[in-house]
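Q: after the sequence you'll find the predicted model.
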Amino acid sequence: MSAHSSSSAPSAESDDFAHFADNHDRMERGLRTLCRIEATERPGILDGFQDIAPGFGELIVGFAFGDVCSRPGLELPTRQLVTVAALTALGNAAPQLEFHVRGACNVGCGRRDIVETVLHLSDHAGFPATLEALRVVRTVFAAEAGSARTTGRSEDGPEAKAHDGPTSHGGHGGAGGHDDPGGAGEQVLASVRAIDPALADFLIGNAFGDPDPAAPRGGLDPRTRAIVSVAACTALGTRRPQLMAHVHEILDAGGTRQDAVETVLQMAVYAGVPAAVNGLNAARDVFRTR
């Protein structure tokens, strides 16, 4: 073997170092992003499963928040709305939804934007999932009302007004919401009304009237509205025609292909790799027509 070929061949040691450096970088990226979302110096996931699955926290930080949620191309507040949209649509992860609603507040999302994100998904996820998500949102807002924290938003704007009201009456949680079907609707609407009376009126109108639940009502801009729709349709996995229509909407609203791609990629974390793969195939079909 020549001296030249010997010196140019990568060594096992250099490969190991590169692998270590890459893992270190992704952990650093993930920690920075997750610490912003959680508003903490040490994310709870790092210690939460040490008794049963040591290293699981590091896997989540490195992959979900280092490899995916720290990618350039989609700003962190929008990424949090994307996550809220996906978890609302899935309807089976209330603790994670609560964490990410709080995280959305921490990174600067307005309360109205969060509520509008959830409400907008009634057309895709249905009213039961939407109402349950609004319960979670109300829990977060009520908890923050009792604290001095005002991270990332103004307390004297419309978001703060949505915060006012009887946030402790019986609409939230409890056995009555599920064990008393006759009173469940009233309890849920009371809970929603505590967040924003106009939203409760909107829910009543859509339950018994003809308004279009997807019609813009202020709050989210058209690009963000389309992005959260793409997130929900990708997460659900059974809305390919609607998903493609909402990818078109992102582009029509002045968004980019990268906006759509990053939204779909993020679903690999919350809805699984197959859902993200199918979503990317749908997005590619849209891009080919434009």
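A: That came through, no problem. Given the structure is predicted, the values throughout are model-derived calculations rather than measurements.

Q: tell me which residues in the strand or helix carrying residue 284 are buried?
A: Secondary structure assignment for residue 284, by DSSP states H and E: helix 273-288. Residues 275-276, 278-280, 282-283, 286 are the ones in helix 273-288 that count as buried (16 or more other Cβ atoms under 10 Å). (Glycine included, C-beta is placed from N, CA and C.)

Q: packing partners of that helix?
A: If contacts are counted by 3 or more Cβ pairs under 8 Å, 6 or more residues apart in numbering; DSSP states H and E, helix 273-288 sits against helix 222-236, helix 240-252, helix 257-270.

Q: run the last query once more with 6 Å
A: Contact partners of helix 273-288 among helices and strands, from 3 or more Cβ pairs under 6 Å, 6 or more residues apart in numbering; DSSP states H and E: helix 240-252, helix 257-270.

Q: low-confidence ranges in the stretch 151-290 of the chain?
A: Counting by pLDDT under 70, the ranges of the stretch 151-290 of the chain that qualify are 151-192, 196, 198-218.

Q: any chance of a markdown table for the buried residues of helix 273-288, columns distance to residue 125?
A: Putting the buried residues of helix 273-288 into a markdown table (distance: Cβ to Cβ, whole Å) gives the following:
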| residue | distance to residue 125 |
| --- | --- |
| 275 | 15 |
| 276 | 18 |
| 278 | 18 |
| 279 | 16 |
| 280 | 22 |
| 282 | 18 |
| 283 | 20 |
| 286 | 22 |
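
Q: and the two most separated of those?
A: 275 and 286 (16.8 Å; Cβ to Cβ).

Q: touching, residue 269 and residue 62? I think so.
A: No - Residue 269 is beyond contact range of residue 62, at 11.7 Å (criterion: Cβ atoms under 6 Å).

Q: comparing these two, which residue is more hemmed in?
A: Higher neighbour count among residue 269 and residue 62: residue 62, with 21 against 18, using other Cβ atoms under 10 Å.

Q: quick check: which element contains the nearest residue to that one once chain neighbours are set aside?
A: Closest residue in space to residue 62, ignoring its immediate chain neighbours: residue 26 at 4.6 Å, by Cβ to Cβ, 6 or more residues apart in numbering. Using DSSP H and E, residue 26 falls within helix 12-38.

Q: how about the helix or strand just after that helix as PDB, C-alpha atoms only?
A: Proceeding N to C from helix 12-38, the next assigned helix or strand is helix 45-48, under DSSP H and E. The C-alpha trace of helix 45-48 is given here as PDB (Å, rounded to 0.1, in the frame of the first residue of the first chain):
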ATOM      1  CA  ILE A  45     -37.400  14.200  30.100                       C
ATOM      2  CA  LEU A  46     -33.700  13.600  30.900                       C
ATOM      3  CA  ASP A  47     -34.500  12.200  34.400                       C
ATOM      4  CA  GLY A  48     -38.100  11.000  33.900                       C
END
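
Q: helices or strands up against helix 45-48?
A: Using 3+ Cβ pairs under 6 Å, 6+ apart: helix 45-48 touches helix 56-60.

Q: pull out the buried residues from the helix it packs on.
A: Neighbour counts over helix 56-60 (16+ other Cβ under 10 Å) mark 57-58, 60 as buried.

Q: for it, packing partners?
A: In terms of contacts (3+ Cβ pairs under 6 Å, 6+ apart), helix 56-60 is packed against helix 45-48.

Q: next, count neighbours for residue 91.
A: Neighbours of residue 91 under the rule other Cβ under 10 Å: 18.
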